[in-house]
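Undergrad: Sequence and predicted structure are below.
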Amino acid sequence: MKSQLKTSVILIFLIQLLASCWVINPRFVKEPKKDAKPIKVSEEYQALGKYNSLRACYDVLHYAIEIEPNPETKTIKGTVIFTCRLDSISDSLQFDLHKNLDVKGIYVKDDIEPISFTRKYRAIQFSIADYGISKGDIFQFRVEYGGKAMKAKRPPWKGGTVWKKDKNKNPWLGVACETQGASVWIPCKDHNLDEADSVSVSIICRNTVTGVSNGVLTGVDTLENEKLKFNWATSYPINNYNITYYVGDFVEIKDTLNAIRGLVNVSHYVLRDNEQIATDHFQQVHDIFHFYEKTFGPYSWVKDGFKLVEAPYAGMEHQTAIAYGSDYKNKAIVHSDYIILHEVAHEWWGNSISATDFAHIWIHEGMATYSEALYAEHVGGADRYFNKIRYDKIFIQNKRPVVGPEDLMYFNFKESDCYMKGSVVMATLRSVLESDSLFFEIIKTFYAENEKQLVNTTDFMDLVNSITGQNFNWFFNQYLYDRHVPTLEQFVSFDGFIYHRWSNCNPDFKMELDVEINNIKYHIKPTTVLSRTEIHKTGIEHNYSFDNYAKYYRWNKENHELEKEYEDAASETLDH
């Protein structure tokens, strides 16, 4: 406890020190001189990113998954039954499966014999021409598969299957696949644009451990050879990378949450030796959960419950089965366990509201990161909120725009701006609006109108413009679609003016600012055209500061040439 307290004090001191540097030197903002190299992805990921006609022609209604992982051989075998609706006429369909896994057979409808298929990278295509399936028909096909599933190199960021043992040498398994795609462990239509309306997952493992997945446990079957089959099911739409499983020597910790839409049953699963510490540590879930409901809107998965599952990696937002691996430690800057705080936020941002493409992943990660700042404000006030925003600013890279290229299945965890800059952009928007009631109306409305749906950045922009009655495209185009940091050129003259101009930005950028000069506050409206605002006469010596705590930009040192440039431009105008 003493060491944790010492670490917390040091962390807060460092943040405050860095914050003071920000005030003294606003050019602390990082911005590489050159654009990043063009994004290159493999042909495999290019194919995964394209929603071609053989994927778009059918809609997955349900996945029935049965999987048996073998910790000794580090292999898996399983079956997935696709229940689908044909949305447009097509003689063939495509699903995806990683090359490490073999397709043992594809069976359409009531087939006894497997049908033929073709395969390139993960794309597996087969014909349905002989099955009389018409547009609008609901049908099924079954895929049997197995092999040595891709091992996670650095979960959850470099994902795959995680094969570990706990300290008692029991198997401790999991899967994390956001950046690699769910097809690294199950056959599926591996694209964000199609979420199954529900899934069922059955996990076969030896009878000394427990299998856990999304949703609710519907039953446990006793099998031969001292094995059990744990059957789980969800009632709601779920994106592919959120479907998951865990195996371990778990104990269940039961609880309830009084949600807006009714009682939510809680069933945390933790390693047996951690039952007591987890019982105490997970109490913070109550305040976090209720804060998010109050701030964003109702929890979407009431019938499916809620749980944290102790995982052999840091964490992941698996819907109703959140991976937890943070060693039961709180983080001072957010007054809570960072993993719980961040991953639970994803139940709203990422799970309920999901991006159509990883190009818009900031809606998941930026909003979840900003949720941490909101919670810090909730428990610690405005100072803690700004501490968290300043902390996020430190890690912004500005190598690329926040919104990335579509149709490439590109999500590089090393480029963290979808997290940190996404958060800071939301803080900047809140400050620009100058109305918390308006800002949170936007957040709540966006959630209410898009709950359990797919969205992109334009959807959010359009809502902001609609609710405010103004066009904020100048704001989003700069902060989300451009990597450059707006720079304020300024000069405070002793005879009663502040000269100002935005540079290093799009031509229509026009963010207004507050400035304090000799303890008197002024509101200025700089654009990319040099202008000035009248202030009191300052004399030769003056002190000033800008509101860059809440907003994201940088300002240059005073530029005395701005006054002369302004006067010259004014004289030229008069001459004409």
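TA: On my side now, so go ahead.

Undergrad: quick one, strands of the stretch 101-250 of the chain?
TA: Shown for the stretch 101-250 of the chain, the strands assigned by DSSP state E, counting those that start in this stretch span residues 101-108, 118-120, 123-127, 138-147, 160-165, 171-176, 198-206, 210-213, 216-223, 227-233, 245-248, 250-259.

Undergrad: Take the ones you listed and lay them out in JSON lines including mean pLDDT, distance to Lys564 and mean neighbour count.
TA: (C-beta placed from N, C-alpha, C; glycine too.) Converted to JSON lines, these look like this (pLDDT from 0 to 100; distance: least, C-beta to C-beta, whole Å; neighbours: other C-beta atoms under 10 Å):
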{"stretch": "strand 101-108", "mean pLDDT": "98", "distance to Lys564": "70", "mean neighbour count": "18"}
{"stretch": "strand 118-120", "mean pLDDT": "97", "distance to Lys564": "65", "mean neighbour count": "12"}
{"stretch": "strand 123-127", "mean pLDDT": "98", "distance to Lys564": "64", "mean neighbour count": "18"}
{"stretch": "strand 138-147", "mean pLDDT": "98", "distance to Lys564": "73", "mean neighbour count": "18"}
{"stretch": "strand 160-165", "mean pLDDT": "97", "distance to Lys564": "62", "mean neighbour count": "19"}
{"stretch": "strand 171-176", "mean pLDDT": "97", "distance to Lys564": "59", "mean neighbour count": "26"}
{"stretch": "strand 198-206", "mean pLDDT": "98", "distance to Lys564": "68", "mean neighbour count": "22"}
{"stretch": "strand 210-213", "mean pLDDT": "98", "distance to Lys564": "69", "mean neighbour count": "25"}
{"stretch": "strand 216-223", "mean pLDDT": "98", "distance to Lys564": "72", "mean neighbour count": "12"}
{"stretch": "strand 227-233", "mean pLDDT": "98", "distance to Lys564": "72", "mean neighbour count": "18"}
{"stretch": "strand 245-248", "mean pLDDT": "98", "distance to Lys564": "68", "mean neighbour count": "26"}
{"stretch": "strand 250-259", "mean pLDDT": "98", "distance to Lys564": "63", "mean neighbour count": "16"}
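
Undergrad: TSV for those, including distance to Gln470?
TA: TSV is the format used below for the strands of the stretch 101-250 of the chain (distance: least, C-beta to C-beta, whole Å):
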stretch	distance to Gln470
strand 101-108	51
strand 118-120	49
strand 123-127	45
strand 138-147	46
strand 160-165	46
strand 171-176	41
strand 198-206	40
strand 210-213	46
strand 216-223	45
strand 227-233	46
strand 245-248	47
strand 250-259	35
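
Undergrad: Which one of those lies nearest to Asn52?
TA: Closest to Asn52 of those, according to C-beta to C-beta: strand 123-127, at 8.6 Å.

Undergrad: Packing partners of the closest one?
TA: Counting contacts by 3 or more C-beta pairs under 8 Å, 6 or more residues apart in numbering; DSSP states H and E, strand 123-127 packs against strand 92-96, strand 101-108, strand 118-120.

Undergrad: Quick check: which of the strands of the stretch 101-250 of the chain is nearest to Val60?
TA: Across the strands of the stretch 101-250 of the chain, Val60 has its closest neighbour in strand 198-206 (9.4 Å, C-beta to C-beta).

Undergrad: Can you check what angle separates that closest one from strand 216-223?
TA: Going by axes from the mean of the first three to the mean of the last three C-alpha atoms, to 10 degrees, strand 198-206 is angled at 40 degrees with respect to strand 216-223.

Undergrad: Show me the contact partners of strand 198-206.
TA: 61-69, 171, 211-215, 218, 223, 226-238, 243, 245, 247 (C-beta atoms under 8 Å, 6 or more residues apart in numbering).

Undergrad: Thought Lys120 was touching Asp96, still the case?
TA: No - contact criterion C-beta atoms under 8 Å: Asp96 and Lys120 do not qualify, at 10.8 Å.

Undergrad: if I pick Lys120, what's in contact with it?
TA: Residues in contact with Lys120, defined by C-beta under 8 Å, 6+ apart, are Ala47.

Undergrad: For it, give its distance to Phe358.
TA: Going from Lys120 to Phe358 by C-beta to C-beta, to the nearest Å gives 22 Å.

Undergrad: got CSV for the helices and strands packed on strand 123-127, with distance to Met316 too?
TA: Shown next, in CSV, are the helices and strands packed on strand 123-127 (distance: least, C-beta to C-beta, whole Å):
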stretch, distance to Met316
strand 92-96, 20
strand 101-108, 21
strand 118-120, 29
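
Undergrad: Quick check: the spatially closest residue to Gly105 that is not a sequence neighbour vs Ser326, distance?
TA: Nearest residue to Gly105 in three dimensions, chain neighbours excluded: Pro114, at 3.3 Å (C-beta to C-beta, 6 or more residues apart in numbering). Using C-beta to C-beta, Pro114 is found at 44 Å from Ser326.

Undergrad: now do Leu513
TA: Noted for Leu513: a distance of 38 Å to Ser326, by C-beta to C-beta.

Undergrad: Am I right that Asn387 is in a helix?
TA: Yes - per DSSP: H, G, I helix; E, B strand; the rest coil, Asn387 lies within a helix segment.

Undergrad: My read is that it contacts Gly381, right?
TA: No - applying C-beta under 8 Å, one finds Asn387 not in contact with Gly381, separated by 10.1 Å.

Undergrad: Which residue of these two possesses the greater neighbour count?
TA: Asn387 (24 against 10; other C-beta atoms under 10 Å).

Undergrad: gap between that one and His335?
TA: Asn387 is 11 Å from His335, by C-beta to C-beta.

Undergrad: So what does Tyr370 have for phi and psi?
TA: phi -70, psi -30 (degrees, to the nearest 10).

Undergrad: which ones are touching it?
TA: Counted by C-beta under 8 Å, 6+ apart, Tyr370 has contacts Gly422, Ser423, Met426, Ala427.

Undergrad: go on, Leu438?
TA: Ile467, Thr468.

Undergrad: again, only using 10 Å
TA: Arg430, Val464, Ile467, Thr468 (C-beta atoms under 10 Å, 6 or more residues apart in numbering).

Undergrad: repeat for Leu54
TA: Ser90, Asp91, Ser92, Leu93, Gln94, Phe95, Ala123, Gln125, Phe126, Lys189.
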